[in-house]
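A.B. asks: what shape does this take:
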Amino acid sequence: MDNPAIRFENVSFFYDNFPVVEDAYFSISKGEFVSIVGPNGGGKTTLLKLIMGLLKPDKGKIWVFGKSPDSMRRKIGYLPQSLQYDMQFPITVLDVVMMGRLGGRWAGPYSKSDKHAAMKALRMLDIGDLAKRSLAEISGGQRQRVLIARTLACEPEILLLDEPTANVDSEVEKALYDFLQKLNERLTVVMVSHDLGFVMKNVKCVICVNRKVVRHPTSEITPDAIESLYRGEMRIVRHDRLFENGEP
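C.D. replies: Predicted coordinates for the structure are as follows:
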């Protein structure tokens, strides 16, 4: 793969001498939409943090656009799996999205270009009309869009999302997936997901993580492969058919 957006070469990472990621060797091309799947505790979030340079590998090398991850962090937008925030804190939707413009500085003042980028991100998610609303006043699905807008406000080239559809209803989930597909026309998208039905229907390649890291075409994700990955029986909906206990 020539000039990949992300490249891992024999990467291993340990927490307190316990291996979380072992000998990971894979690449993600610029402009791909890739899902990371695997059991809880298998190393999915750790993989994202390694891509961002928030964690350093104990072995091996990682490149983002051919450079070290920490030097390319401003080209990456990241939505973590869960965020804790005080719903009573008096902050507007626009204030939240503007945080994505902080970059290497710890505080404002924000420039006109910062506000323009934040409003552009809100409009991309069809929530520009919420800019002056309090974060506490809007719905859970709208708050999730606000948080994604915050990741886009930094105008990234790579978007990393850790379970972006957690705690949202099916209607919001579908709208979010449709938006990510459109966004993928100009960004590399890497999304951790437990929704194997969506993955198998909409994504061409998956990165399976359970300490070992293996990249597969989605067509190779069979019931046997899933059982091996999750080390046990698992029921999944493929949207077009059902696999249960390894049988269609």
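
A.B. asks: hmm, who's touching stretch 157-175?
C.D. replies: Contacting residues not belonging to stretch 157-175 are listed as 5-6, 30, 44-45, 48, 51-52, 64-65, 75-82, 140-141, 144, 148, 151-152, 176-177, 180, 183, 187-195 [CB atoms under 8 Å, 6 or more residues apart in numbering]. Where you see a C-beta, it was placed from the backbone N, CA and C, and this is true even at glycine.

A.B. asks: kindly recompute the last result at 6 Å.
C.D. replies: By CB atoms under 6 Å, 6 or more residues apart in numbering, the list of residues contacting stretch 157-175 from outside reads 5, 45, 48, 75-81, 141, 144, 187-192.

A.B. asks: hmm, who's touching stretch 53-69?
C.D. replies: Against stretch 53-69 from outside (CB under 6 Å, 6+ apart): 6-14, 49-52, 70, 72-73.

A.B. asks: what comes up buried for it?
C.D. replies: Judged by neighbour count using 16 or more other CB atoms under 10 Å, the buried positions of stretch 53-69 are 53, 55, 57, 60, 62-65, 69.

A.B. asks: which ones among the contacts of stretch 53-69 are found in helices?
C.D. replies: Within the contacts of stretch 53-69, residues falling in helices by DSSP state H are 49-52.

A.B. asks: so G77 is in contact with T151, correct?
C.D. replies: Yes - using CB atoms under 6 Å, G77 is in contact with T151, at 3.5 Å.

A.B. asks: in CSV, list the buried residues of stretch 53-69 along with secondary structure.
C.D. replies: Below are those laid out as CSV (DSSP: H, G, I helix; E, B strand; the rest coil):
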residue, secondary structure
G53, coil
L55, coil
P57, coil
G60, strand
I62, strand
W63, strand
V64, strand
F65, coil
P69, helix
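
A.B. asks: rewinding a little: Throw the ones in helices among the contacts of stretch 53-69 into JSON lines and include neighbour count, thanks.
C.D. replies: Listed next are the ones in helices among the contacts of stretch 53-69 as JSON lines, based on neighbours: other CB atoms under 10 Å:
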{"residue": "K49", "neighbour count": "17"}
{"residue": "L50", "neighbour count": "23"}
{"residue": "I51", "neighbour count": "23"}
{"residue": "M52", "neighbour count": "17"}
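
A.B. asks: for F89, helix, strand, or coil?
C.D. replies: F89 - assigned by three-state DSSP - is coil.

A.B. asks: hmm, back to that, any of the contacts of stretch 157-175 buried? List them.
C.D. replies: Looks like the contacts of stretch 157-175 have 5, 45, 48, 75-79, 141, 144, 187-192 buried, using 16+ other CB under 10 Å.

A.B. asks: by contact count, what packs against whichever strand or helix holds G77?
C.D. replies: Element membership for G77 (DSSP states H and E) is strand 76-79. Contacts defined by 3 or more CB pairs under 6 Å, 6 or more residues apart in numbering; DSSP states H and E place strand 76-79 against helix 140-152, strand 158-162.

A.B. asks: CA atoms of it as CSV?
C.D. replies: Extracted C-alpha coordinates of strand 76-79, given in CSV (Å, rounded to 0.1, in the frame of the first residue of the first chain):
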residue,chain,number,x,y,z
ILE,A,76,-6.9,13.8,13.5
GLY,A,77,-10.4,14.3,14.8
TYR,A,78,-11.3,12.0,17.7
LEU,A,79,-14.6,11.1,19.3
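
A.B. asks: so L122 touches A149, yeah?
C.D. replies: Yes - assessed by CB under 6 Å, L122 is found in contact with A149 at 5.1 Å.

A.B. asks: between those two, which contacts overlap?
C.D. replies: Contacts common to L122 and A149, judged by CB under 6 Å, 6+ apart, are V97.

A.B. asks: who has more neighbours out of these two?
C.D. replies: A149 (27 against 24; other CB atoms under 10 Å).

A.B. asks: quick check: that one touching R123?
C.D. replies: No - A149 is beyond contact range of R123, at 8.9 Å (criterion: CB under 6 Å).
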